[in-house]
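> fold the following for me, if possible:
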Amino acid sequence: MKKIAVLALILALLGGGAFAYFNFNSEAVASIPDGKEAKASGHDNANLSFVELDPLILPIVDKSGVSQVVSMVIALEVHDAESAALVERLAPKLKDAYIQDLYGVLNYKAALQGGVIQVGEVKKRLNAISVAVLGEDVVSDVLLQVVSQRPV
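Numbers count the residues shown, from 1 in each chain. Predicted coordinates for the structure are as follows:
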């Protein structure tokens, strides 16, 4: 009787493991639309270009001085080669606008919560600055490649 109970327990564990493996180990469906959906939503992946900017390094200053240093690598998604050339030409002006805005926001803790950068808030601000500097239809998205915080 004891052997049957142990065997039943082993079978139950194996069955549960197999169930978990097959249900939780599924491949993710791509979120980028294809075909008709892509054209309807305005995503034309064939013409997209990406322009990576030099890293931005910003200190966060509080009452006692520099408390941490934030580093960001930003890439801009543009529609075509002409837009990419415009972004590369105006990159110094764009980086200056990014630094001016983020320096103030990070130091006044508007984009920090518990000492951690709120990436969504930063991304919204970077998108708005990109539109202000480059124009309405140049940049389709700002992509944060790396965001790093280091205490000093």
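
> any idea how far S140 is from S64?
Shown here: S64 relative to S140, a distance of 41 Å by C-beta to C-beta, to the nearest Å. Just so you know, the C-beta spots here come from the backbone N, C-alpha and C atoms, and that holds for glycine as well.

> beyond the lowest-mean-pLDDT helix or strand in the chain, next helix or strand please.
Every helix and strand in the chain was compared by mean pLDDT, DSSP states H and E; the lowest is helix 35-41, with a mean of 53. Downstream of helix 35-41, the next assigned helix or strand under DSSP states H and E is strand 49-52.

> dump that following strand to PDB, keeping only the CA atoms.
Extracted C-alpha coordinates of strand 49-52, given in PDB (Å, rounded to 0.1, in the frame of the first residue of the first chain):
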ATOM      1  CA  SER A  49      16.100  53.900 -39.600                       C
ATOM      2  CA  PHE A  50      17.700  54.300 -36.200                       C
ATOM      3  CA  VAL A  51      20.100  57.000 -35.200                       C
ATOM      4  CA  GLU A  52      22.100  56.300 -32.000                       C
END
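
> ok, residues contacting that strand?
With contact meaning C-beta atoms under 8 Å, 6 or more residues apart in numbering, strand 49-52 is reached by 73-81, 83-84, 87-88, 91, 143, 145.

> quick one, helices of the chain?
Residue ranges of the helices in the chain, as given by DSSP state H, are 2-24, 35-41, 81-89, 91-107, 119-134.

> out of the ones you listed, which is closest to L58?
helix 91-107 (5.7 Å; C-beta to C-beta).

> per-domain residue ranges of the protein.
2-38, 47-151 (automatic domain parsing).

> re the thing from before, neighbour-wise, which of S64 and S140 wins?
Legend: neighbour count by other C-beta atoms under 10 Å for S64 and S140, higher for S140 (16 against 6).
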